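> What shape does this take:
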Amino acid sequence: MKNYLDCSDEVKKALSEGRPIVALESTIISHGMPYPKNVETALLVEKTVRDCGAVPATVAIIGGRLKAGLSAEQIEYFGKKGTAITKTSRRDIPAIIARGQDGATTVAATMIISALAGIDVFCTGGVGGVHRGATETMDISADMEELAKTPVLVVCAGAKAILDLPLTMEYLETKGVNVIGYRTDELPAFYTRTSGLKVPCRMDSAKEIADAWTAQKALGIGGGLLVTNPIPEQYSMDPVYINNEIDLAIGEMKRLGIKGKDTTPFLLEKIQKLTAGASLEANIQLVLNNARLASEIAKNLK
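Here you go, the predicted model:
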């Protein structure tokens, strides 16, 4: 891997000492939030992981090199360039490397690089899934397939609320991916704590989740594990209100003909504008909440 992958000195030291590490994605920096809020949030998430006793490893591709652990200057660079940096999923990685380009890693790409680096736990905001209207468009996030094949535990606030959540849960079941609800029996829906959908498994402690992951790896079952962590109550948005704004954003997206990997960045930005920034604040708080849980899980791994 030394021909392709660079781990920061902090991450290298943590790996050699067997210390807990939490991977973080870079698409949320370049495509998920406006500058400078994106940089401020990325650095705050890293600080939260450190304050919880783990080591943060923000993942990206810079100059064709896979990176596990970015400097503050590199995070600033990603934040300023924003959407000019290629949103990078599994299919894009070899071409980005060959061309010596920069890549902002999605959930799928971050899982791949985390696994290559030997990092078990990854914290994100929300995972991709089956998009609304997928029965006609077949628009299904590569995150779904990655969870089925790549051995990384992913902590999120559920699948993004812009998706078809029932179909997303069906897809994960078909692929044999367990969805754990952390202290909840119901799938959280990113901006809100509830979705009306039951999770197949509830666990109430970070240790229990860590033990389940240890068993999954030891048994060679393969694939990842999805841990869904509800947004804190005080930041949860009204479901009727936010779903109405999501519907408006999706309607505009369809009118503009936006498809594929441009879908999620467009919708998140549009919803942020429609909610006068309330959705952005909710997004930030749920990521920080996930970082705390991911750190505790990483600390409990055997």
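> contacting residues around the most centrally placed residue in the chain?
For the chain, the residue nearest the mean C-alpha position is Thr124 (2.9 Å; C-alpha atoms, centre = their mean). Contact criterion C-beta atoms under 8 Å, 6 or more residues apart in numbering gives Leu24, Glu25, Ile28, Val107, Thr110, Val154, Val155, Cys156, Val287, Asn290 as the residues in contact with Thr124. From N, CA and C alone the C-beta is placed, and that goes for glycine too.
> Make sure the first one is actually in contact with Gly125.
Think Leu24. No - using C-beta atoms under 8 Å, Leu24 is not in contact with Gly125; the gap is 10.2 Å.
> Next, the residue nearest to Thr184 when sequence neighbours are not counted: secondary structure please.
In space, and not counting its chain neighbours, Thr184 is closest to Pro230: 5.4 Å by C-beta to C-beta, 6 or more residues apart in numbering. Of the three states, Pro230 takes coil under DSSP: H, G, I helix; E, B strand; the rest coil.
> How much space separates Pro230 from Val179?
13 Å (C-beta to C-beta, to the nearest Å).
> And Met33, by the same measure?
26 Å.
> With Gly126 instead?
In terms of C-beta to C-beta, Gly126 sits 13 Å off from Val179.
> And for Gly277?
Taken as C-beta to C-beta, the span from Gly277 to Val179 is 30 Å.
> Pretty sure the residue nearest to Thr184 sits against Tyr191.
No - at 10.7 Å, Pro230 does not count as touching Tyr191 under the criterion of C-beta under 8 Å.
> if you count what's nearby, which of the two comes out ahead?
Remark: of Pro230 and Tyr191, Tyr191 carries more neighbours, 29 against 23, as counted by other C-beta atoms under 10 Å.
> quick one: average confidence on stretch 125-137?
Per-residue pLDDT over stretch 125-137 has a mean of 86.
> residue boundaries of the helices in the stretch 1-150 of the chain?
9-17, 27-30, 37-51, 72-81, 93-99, 107-117, 134-137, 142-149 (DSSP state H, counting those that start in this stretch).
> The last one - contacts with which helices or strands?
Meaning helix 142-149. helix 107-117, helix 165-174 (3 or more C-beta pairs under 8 Å, 6 or more residues apart in numbering; DSSP states H and E).
> ok, now with 10 Å
Packing contacts for helix 142-149, counted by 3 or more C-beta pairs under 10 Å, 6 or more residues apart in numbering; DSSP states H and E, involve helix 107-117, strand 153-156, helix 165-174, strand 225-228.
> do the fifth one as well
In terms of contact count using 3+ C-beta pairs under 10 Å, 6+ apart, helix 93-99 is assigned the packing partners strand 55-62, strand 65-68, strand 86-88, strand 103-105, helix 107-117.
> How about residues contacting it?
3-4, 61-66, 85-86, 88, 101-105, 108-109, 112-113 (C-beta atoms under 10 Å, 6 or more residues apart in numbering).
> How about Thr228, nearest residue that isn't a chain neighbour?
Thr228 sits nearest to Gly158 (C-beta to C-beta, 6+ apart), 4.8 Å away.
> Please identify the buried residues of stretch 281-295?
282-295 (16 or more other C-beta atoms under 10 Å).
> Then stretch 227-243?
Val227, Thr228, Asn229, Pro230, Ile231, Tyr235, Ser236, Met237, Pro239, Ile242, Asn243.
> mind checking pLDDT for the fourth one?
The predicted local distance difference test score for Pro230 is 97.
> May I have the phi/psi pair for it?
Taking degrees, to the nearest 10, you get phi -60, psi 140 for the backbone angles of Pro230.
> could you measure the residue nearest to Ser71 when sequence neighbours are not counted against Val227, distance?
Distance criterion C-beta to C-beta, 6+ apart; nearest residue to Ser71, sequence neighbours excluded, is Ser8 at 7.2 Å. Ser8 sits 25 Å away from Val227, taking C-beta to C-beta as the criterion.
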